[in-house]
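> Provided below are the primary sequence and the corresponding predicted coordinates.
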Amino acid sequence: MKRTFTCIVCPNGCEIETEYEGTEVLSVTGNLCPKGRTYVTQELVDPRRTIATSVRVMGGTMPLTSVRLTSAVPKDRIFDVMEEINRQTLTAPVRIGDVVIRNILGLQSDVIVTKNIDKA
Ligand code: SF4
């Protein structure tokens, strides 16, 4: 089978023409580096995505802080992960690296703070 993937590993966004059988990659063209082949293989076997979003903060100088996952989670669980993150409310102060949710939904990824918010 043939399929075109857009590599999201770096800003180049290479369009990678791929020939594959099941989860075996037979050939790739259009990738500027070997990471493209690894990305395509990952997409065929176990597609994953990461998230950067925000969480409410009570009693802070700003109403929101930014957060991110520490590692990518299965693509088909992204909406579940977002729902879980959206349920959270933090209390100021919050500090970069604070863990908001450890091992979210058992997916072996933590949600951590990426912006300091001081107490108001
Ligand atoms: S194939 Fe390499 S250069 Fe192209 S987008 Fe992926 S990581 Fe970047």
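Nice, I can see it.
> from here on, just use CA atoms for contacts and neighbour counts.
Fine.
> so how far is Ile112 from the closest residue to Gln88 other than its chain neighbours?
The spatially closest residue to Gln88, leaving aside those adjacent along the chain, is Val55, at 6.4 Å (CA to CA, 6 or more residues apart in numbering). Val55 sits 10 Å away from Ile112, going by CA to CA, to the nearest Å.
> between those two, which one's more packed in?
For Val55 and Ile112, the more surrounded residue by other CA atoms under 10 Å is Ile112, and the numbers stand at 20 against 17.
> and Leu44, what element?
When elements are defined using DSSP states H and E, Leu44 is found to belong to helix 35-45.
> give me the contacts around stretch 41-48.
The set of residues external to stretch 41-48 that reach it, using CA atoms under 8 Å, 6 or more residues apart in numbering, is 22-25, 72-75.
> where along the protein do the helices fall?
Assigned helices in the chain, in chain order: 35-45, 78-86 (criterion: DSSP state H).
> who wins for proximity to the ligand among those helices?
helix 35-45 (3.5 Å; CA to the nearest ligand atom).
> buried ones in stretch 109-118?
Taking 16 or more other CA atoms under 10 Å as the neighbour-count basis, stretch 109-118 is seen to contain the buried residues 109-117.
> now do that stretch: everything it contacts.
Stretch 109-118 has contacts (CA under 8 Å, 6+ apart) with 60-62, 65-73, 85, 92-104.
> per-residue confidence at the closest residue to Gly36 other than its chain neighbours?
Once its chain neighbours are removed from consideration, Gly36 has its nearest residue in Cys7; the separation is 6.1 Å (CA to CA, 6+ apart). Cys7 is assigned a predicted lDDT (pLDDT) of 96.
> picking up where we left off before, I'd like the contacts of stretch 41-48 written out as CSV, with distance to Cys33, neighbour count and pLDDT added.
CSV is the format used below for the contacts of stretch 41-48 (distance: CA to CA, whole Å; neighbours: other CA atoms under 10 Å; pLDDT from 0 to 100):
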residue, distance to Cys33, neighbour count, pLDDT
Gly22, 23, 8, 88
Thr23, 20, 13, 86
Glu24, 19, 12, 90
Val25, 16, 17, 93
Ala72, 21, 17, 95
Val73, 24, 21, 97
Pro74, 24, 13, 97
Lys75, 23, 13, 96
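> good, wrapping up.
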